[in-house]
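Peer 1: please work out how this folds:
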Amino acid sequence: MASIIILSIIAIIFLSWIIGIYNNLIAKKNQVENTFSSIDVYLKNRFDLIPNLVAVAKQAVKSETKFIEKAISLRNQVSNPDLSMDDKIHLDNQASQLFTRFFALSESYPQMQSISLFKEIQSNLAEIEDRISAARRAFNSAITQYNNAVEMFPSNIIALLIGFKVKEWFEASEGERQNVNVDNLFEAE
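Peer 2: Below you'll find the model as predicted:
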């Protein structure tokens with residue numbers, strides 16, 4: 001009788017331990033999704049500013065239609081509710097490159113600097129870019145914690161059983177790592 005009680009206690013402790021690992025993995029997965037959702041919110045804010053940006057860019061830089069077309073194209077693509085996390089990251093990388101070129105372009109066209117709406121949009125975009133950057137760092141931190149839980153023993157066994165896989169960090173594209181060439185701003189797609 002005593003051995004049954006001891007075995008039951010051991011089984012309960014083991015089951016509690018397994019449940020704790022499982023719950024920890026679920027919490028980390030949800031944290032990854034939550035932090036990516038924060039990036040998504042800021043990306044939506046960024047793309048909500050695009051119509052104003054396009055209007056100002058049309059007035060000040062009428063000859064630079066590639067920038068305007070690319071901004072509109074990105075806005076239309078990001079509004080697709082069926083985009084995967086990878087697709088959103090890819091579109092975000094494209095938008096980051098576009099806005100980097102936009103800020104460099106604004107330095108080359110002083111008439112844009114004098115337009116108050118442009119200054120407001122530029123300020124809002126800079127603020128959103130800072131928030132996106134902070135959200136990306138939080139996302140990568142959540143990914144690190146999640147990946148550690150998925151790869152480290154003993155939680156890796158539970159992760160394998162429930163099908164959790166290592167996720168990729170948010171990284172800058174090769175184009176974002178290079179200096180902006182103001183002379184060729186609109187040559188690259």
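Peer 1: tell me how far stretch 5-14 lies from the chain's centre.
Peer 2: 45 Å (Cα atoms, centre = their mean, to the nearest Å).
Peer 1: please apply the same query to stretch 16-33.
Peer 2: On Cα atoms, centre = their mean, the centre of stretch 16-33 falls 22 Å from that of its chain.
Peer 1: buried sites along it?
Peer 2: By neighbour count on 16 or more other Cβ atoms under 10 Å, the buried set for stretch 16-33 is 21, 25, 28-29, 31-32. For the C-beta atoms, the positions are set from N, CA and C on the backbone; glycine is no exception.
Peer 1: contact partners of that stretch?
Peer 2: For stretch 16-33, the surrounding residues in contact (Cβ atoms under 8 Å, 6 or more residues apart in numbering) are 139, 142-143, 145-146, 149-150, 154-155, 158-159, 162, 164, 167.
Peer 1: okay, and which of those residues map to strands?
Peer 2: Nothing among these maps onto strands, per DSSP state E.
Peer 1: report the two of these separated the most.
Peer 2: 139 and 154 (26.1 Å; Cβ to Cβ).
Peer 1: what's the closest non-adjacent residue to residue 83?
Peer 2: residue 91 (7.3 Å; Cβ to Cβ, 6 or more residues apart in numbering).
Peer 1: er, residue 146 I mean
Peer 2: Here the residue nearest residue 146, using Cβ to Cβ, 6+ apart, is residue 28, at 4.2 Å.
Peer 1: tell me which element the most centrally placed residue in the chain is part of?
Peer 2: Among the residues of the chain, the one closest to the centroid is residue 39, at 4.5 Å (Cα atoms, centre = their mean). Residue 39 is part of helix 2-60 when elements are defined by DSSP states H and E.
Peer 1: got the angle for the helix or strand hosting residue 96 vs helix 2-60?
Peer 2: If you go by DSSP H and E, residue 96 is part of helix 85-108. Between helix 85-108 and helix 2-60, the angle comes out at 30 degrees (axes from the mean of the first three to the mean of the last three Cα atoms, to 10 degrees).
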